[in-house]
Each structure stands twice: as structure tokens, then as C-alpha cells.
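In: Have a look at this prediction, sequence included:
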Amino acid sequence: MDRTETVAALDTEIRELTGTLQGLTEEEARRPTRCAPWDVAALAEHTVGAVHRLAVVLDGAAPARAEVSALGYYSPDVRFSDRVNRERVDSAMHAAALRADPGEPGRALEAVWLEVEPRLLSAPAGRTVLTRHGDAMLLDDFLVTRVVELLLHGLDLADALERGPWTTAGALAIVERLLFGGAGPRPLGAVGLTALDAVRAATGRALPGRPGREALDGARVNFLALG
């Protein structure tokens, strides 16, 4: 996937999320989310952390070769074990408890993206990174996983805040390609779903009264293991 396309998608998605997070009230920050036990504040911290991982991997080692794809990153293995899930949950809740005010995660997101975006664009083609799970990946593939994290958790946050989704077209196109590939026996239009509805259905985020996973019967779907 073209890196400039992925970075542009991240940029627009981050700009939307930054504005939302910076404007949170304390009441909104305490709202529950579907990612229990996280409230909005903890989910915001986790999502900002997903972007900060870009700085971490760029500062880290560059493996000799990539061994894991963007799709392989979401494999149902030890990365979703009880221990890892507990660490993931606790770290976000701890960060949320230490925030100075509801808008702090938004300011942190703006700062980390300002630092990391030019580094992404200047990194050489074929740059590899090592994730916290020990995956040797192409930076370009790891960027796709960051789009997934931002889009899906953006939906979680929007739903918790009872707002319409701010999902951007570029990010949606990238996640749609990852989940549904080139087509399968029946394209999404044939099963009567928009791209956003299909992404919601495939990732367990269908809204009440909207199509769920059963609506994807007959379509080829790359279901992701999600924590």
C-alpha cells in the first residue's frame, strides 16, 4: 500500500479525533464504552497510545526482514491472552486516572502526531519495524494497523458519546480493503451493506437495529482477532 495514502488517512483521522478529544467534558470522559471496563477517558488514552507506538517502533530496531503482514498482526495468539489483555486494560485505566483534565489525551495526540508524521514520510522504502508483540513488519503494514485502531476505536468513542461517526473516507477505504480484500464470491453491495456498515458488522460494532455479522454471509471476510 502506498505510504503517502496511509499517512494521509492517518492524518485526517487523527485531526478529527484530536478535535473531539480536546473538547470533551468531564461527564463525557466518564461515559462507558463497549470496550468495558474502559470509559471514554481510558479508551482515549489507549487510542492515543496506538499512535504513540509509531514513535516507539521508529526508535527501535529494524529487523532484517518482515515476517508478519497487517492481517497477520491480528492473529488470535498470545497477544490476546488474559495476561496481555489485562496489561492493555490496566495501562489505559492508569493513564486515564492521571490525566490533568478531559482534554489532555487530545493534546497528547496532537503533539505525538506532529512529531511522528514527518518521520514516517521520510523513512526509507522497505523500512522494517519490530512491534511490542515481537512482530517483524514492514513499516507500511504497521501503518495499516494504526488506521484500523483509529477507525475502530473512533467508532467506539463516537457511539459512547452518542455522536455520528467521524470516520474519514481514506481510513475507511484502507480498513475495507484489509477486511474484505478484492471481493470474494459476493461483493459488499450484493449483500446490501455500505462499507461502514460492513466494517461495523465484521468487527462486532453493529448498532442496534443495524445488520450484524450474519449479513456478511456469502462475502469473503478477513475477520480480525481484536482485544
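Out: All right, it came through fine.

In: which helix of the chain spans the most residues?
Out: Longest helix in the chain, counting residues (DSSP state H): helix 139-160.

In: Show me what it is packed against.
Out: With contacts taken as 3 or more Cβ pairs under 8 Å, 6 or more residues apart in numbering; DSSP states H and E, helix 139-160 sits against helix 3-22, helix 40-59, strand 128-130, helix 169-180, helix 195-202. The way it works is simple: take the backbone N, C-alpha and C, and place the C-beta from them, glycine included.

In: What count of nearby residues applies to residue 86?
Out: Residue 86: 10 surrounding residues under other Cβ atoms under 10 Å.

In: what residues does the helix or strand where residue 27 lies touch?
Out: Element membership of residue 27, judged by DSSP states H and E, is helix 26-29. Helix 26-29 is contacted from outside by 39-41, 44, 96, 101-102, 161, using Cβ atoms under 8 Å, 6 or more residues apart in numbering.

In: which parts of it are buried?
Out: For helix 26-29, the neighbour count (16 or more other Cβ atoms under 10 Å) marks 28-29 as buried.

In: so for it, what's the average pLDDT?
Out: Taken as a whole, helix 26-29 has an average pLDDT of 98.

In: Return the residues in contact with the residue positioned nearest the centre of the chain.
Out: Nearest to the mean C-alpha position of the chain, by Cα atoms, centre = their mean, lies residue 149 at 0.6 Å. By Cβ under 8 Å, 6+ apart, the contact set of residue 149 is 47, 50.

In: Ends of stretch 67-83, what's the gap?
Out: 24 Å (Cα to Cα, to the nearest Å).

In: Buried residues of that stretch, list them for me.
Out: 68-70, 73-74, 79.

In: Stretch 87-105 now?
Out: Neighbour-count burial for stretch 87-105 [16+ other Cβ under 10 Å]: 88-89, 92-93, 95-96, 99, 102-105.

In: Tell me the one among these nearest to residue 11.
Out: Among the buried residues of stretch 87-105, residue 105 lies closest to residue 11 (Cβ to Cβ), at 17.8 Å.

In: pLDDT value on the closest residue to the closest one other than its chain neighbours, please?
Out: Nearest residue to residue 105 in three dimensions, chain neighbours excluded: residue 44, at 4.1 Å (Cβ to Cβ, 6 or more residues apart in numbering). Per-residue confidence (pLDDT) for residue 44: 97.
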